[in-house]
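> Starting from these lines, generate the structure:
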Amino acid sequence: MRVFKNYKLHLKKNIAKMIFQKEITLPSFPRGFHLITDYIIEFLPNRSGILHVFIQHTSASLTINENADPSVREDFETHFNQLVPESASHFLHTLEGPDDMTSHIKSSLLGSSVSVPVQQGRLLLGTWQGIYLCEHRNHGGSRKLVITVVGE
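Numbering: from 1, shown residues only. Now for the predicted structure:
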């Protein structure tokens, strides 16, 4: 039994060495799609594995897409505003304003997390890829992310 306990303790310590986790707070961004790749890189450890980024909010989301041409981010905002218009009269959940329910819908469409391979602390994104914060509220405020790297 003692050998089993030692093995469990050893296994737990090794697993802990394989996981890095940090909560970071992004500054307030205006409504729209914003590249946040550099904010995340700032906190990455020099490890290889998988980076998982999770946003702790229901009215903003994350996605990976074009990082070079800013018009892509403008087109995303335009498209999502047409897809889920604030002027629609059928939403019941509008206690915090006309962008309340529409923000939740947009967030659900895009998702609350992204995963990226990491090699020695470097994101293995494609040449034209970046991580976006998709701010769906008119005044969303600062946003909290949990970044987790699983690997060596």
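
> Closest to the centroid, which residue in this structure?
By Cα atoms, centre = their mean, the chain has its centre lying nearest to residue 62, at 4.1 Å.

> ok, that residue to residue 90 distance?
Residue 62 sits 27 Å away from residue 90, going by Cβ to Cβ, to the nearest Å. C-beta: built from backbone N, CA, C; applies to glycine.

> Would you confirm that the residue nearest to the centre of the chain contacts residue 135?
No - Residue 62 lies out of contact with residue 135 (Cβ atoms under 8 Å); the separation is 10.7 Å.

> For the residue nearest to residue 91 when sequence neighbours are not counted, report the pLDDT, please.
Among residues not flanking residue 91 along the chain, residue 101 sits closest, at 4.1 Å (Cβ to Cβ, 6 or more residues apart in numbering). Listed pLDDT for residue 101 reads 96.

> and what of residue 37?
Per-residue confidence (pLDDT) for residue 37: 98.

> so how many other residues sit close to it?
17 (other Cβ atoms under 10 Å).

> now do residue 91
Residues near residue 91, counting by other Cβ under 10 Å: 15.

> just so I have it, where are all the helices in the protein?
Assigned by DSSP state H, the chain shows helices spanning 2-18, 37-41, 70-83, 100-110.

> Pass me the low-pLDDT residue ranges in this structure, would you?
By pLDDT under 70, the low-scoring segments of the chain are 1-16.

> repeat that with 50
Counting by pLDDT under 50, the chain contains no low-confidence range.

> Quickly note the distance from the closest residue to residue 85 other than its chain neighbours to residue 36.
What sits nearest to residue 85 in space, not counting adjacent residues and going by Cβ to Cβ, 6+ apart, is residue 102, at 7.3 Å. For residue 102, the distance to residue 36 equals 22 Å [Cβ to Cβ].
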